[in-house]
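>>> When you get a sec, could you give me coordinates for this:
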Amino acid sequence: MLGGLPEWHRLDPSAEPEAVRRCLESFDPPVEAVAIPWREDLFLDSYYLPFERSGTDRAPIAVCIGEMRSKEELLIVMARPARERRLALLCVDSGSDDVEAPRRSVRPESCVTAVIDYLVELPGIDPNRIALIADGSPSSLIAKGVVMDGRVAAAVCDGGLWELWEHAQTASLPGYLGAIAPTPIVAAIRCPTLIPLLPGSGIDPVYAKDLLSSHQARDRRIAIADLAPQQSEMAPADSRIWAETTLNWVSRQLDGIQKIAER
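Numbering: from 1, shown residues only. Below you'll find the predicted structure:
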């Protein structure tokens, strides 16, 4: 059961804190507000929506780390499809904006390791079925974090697409002497990876597929989903398409891991 879902699903991200609080409490089991330790006095503010399973079964979890959207916005979009797919859900504010100049030794992508450290100790969560979802494109911060940590079972991120695109744009400028194109981050990611082409990314989907085609052909773990309509910004309906598409893919990857474990 997911109590109060229609009200929460219609809630505007800019709603008053009291309205947000009431909606958080309407879930069954309720959403938990958690602060995940990161570095020294830095914490990652998050919302955790558990999925209770019968017996000793532990739930797979989808982790959404916001670079473009808040944890409230992510929860609005992801709660229903995550529950329908029997996934626990963690929505996280990345905290990268909190890393000020005196703390530059703190790499922003290390937030991924902080999240995974938290989840592997969380009762009811299967530590072998943790999927990480970046909320936007470009999302190289999350891709780098997946590479740095190595424990993520499936990832939805740009895989370094944005860096490839920037290099290609610079190389086309008159008088540019050129440099070696960067190796896509996805080449170093060891888990299955979905690269969604999102509206507002500034990258033509056909061109993006061409940039990644040689790497995709060599590595069957890489999948590309074209979610970019003609409009420049992601409308609510498009956000739901993004949520459904990414969680469908995530659910298949995590179910596959479970089937292998049961053999």
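
>>> where exactly do the strands run in the protein?
Along the chain, counting by DSSP state E, strands occupy 32-39, 42-49, 59-66, 88-93, 125-134, 154-156, 193-197, 222-226.

>>> Just send these back as a markdown table, with mean pLDDT and distance to Val146 too.
Using the backbone N, CA and C atoms, a C-beta is placed for each residue, glycine as well. Formatted as a markdown table, the strands of the chain follow (pLDDT from 0 to 100; distance: least, C-beta to C-beta, whole Å):
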| stretch | mean pLDDT | distance to Val146 |
| --- | --- | --- |
| strand 32-39 | 91 | 17 |
| strand 42-49 | 93 | 16 |
| strand 59-66 | 94 | 10 |
| strand 88-93 | 95 | 14 |
| strand 125-134 | 95 | 6 |
| strand 154-156 | 94 | 5 |
| strand 193-197 | 85 | 8 |
| strand 222-226 | 75 | 13 |
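
>>> So which elements touch the longest helix seen in the chain?
Taking DSSP state H as the criterion, the chain has its longest helix at helix 236-262. Under the contact criterion of 3 or more C-beta pairs under 8 Å, 6 or more residues apart in numbering; DSSP states H and E, helix 236-262 touches strand 59-66, helix 71-84, strand 125-134, strand 154-156, strand 193-197, strand 222-226.

>>> just the strands of the chain: most buried one?
strand 154-156 (a mean of 29; mean count of other C-beta atoms under 10 Å).

>>> by contact count, what packs against that one?
Applying 3+ C-beta pairs under 8 Å, 6+ apart, we find strand 154-156 packed against strand 125-134, helix 140-149, strand 193-197, helix 236-262.

>>> what about 7 Å?
In terms of contacts (3 or more C-beta pairs under 7 Å, 6 or more residues apart in numbering; DSSP states H and E), strand 154-156 is packed against strand 125-134, strand 193-197, helix 236-262.

>>> quick one: strands adjacent to it?
Sheet partners assigned to strand 154-156 using DSSP bridges are listed as strand 125-134 (parallel), strand 193-197 (parallel).

>>> contact partners of that strand?
For strand 154-156, contacts defined as C-beta atoms under 7 Å, 6 or more residues apart in numbering pick out 131-134, 146, 189, 191-194, 196, 246, 250, 253-254.

>>> 6 Å instead?
131-133, 146, 191-194, 246, 250, 253 (C-beta atoms under 6 Å, 6 or more residues apart in numbering).

>>> What is the nearest of those to Ile36?
Leu132 (13.7 Å; C-beta to C-beta).

>>> Look up which residues are beta-bridged to that closest one.
Beta-bridge partners, per DSSP bridges, of Leu132: Val63, Ala155.

>>> residue contacts, it?
Neighbours of Leu132 in contact, by C-beta under 6 Å, 6+ apart: 63, 146, 152, 155.

>>> measure it to Tyr47 for me?
16 Å (C-beta to C-beta, to the nearest Å).

>>> Please tabulate the contacts of Leu132 in CSV, including the columns distance to Asp210.
Below are the contacts of Leu132 laid out as CSV (distance: C-beta to C-beta, whole Å):
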residue, distance to Asp210
Val63, 30
Val146, 24
Val152, 27
Ala155, 22
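
>>> Report the two of these separated the most.
Longest span within the contacts of Leu132, C-beta to C-beta: Val63 and Val146, 10.7 Å.

>>> Now do the buried residues in stretch 238-249.
For stretch 238-249, a neighbour-count test (16 or more other C-beta atoms under 10 Å) marks 238-247, 249 as buried.

>>> between these, which is closest to Ala261?
Trp249 (19.5 Å).

>>> wait, what's in contact with that closest one?
Leu194 are the contacts of Trp249 under C-beta under 6 Å, 6+ apart.

>>> one more time with 8 Å, if that's ok
Neighbour list for Trp249: 154, 156, 194, 223, 225 [criterion: C-beta atoms under 8 Å, 6 or more residues apart in numbering].
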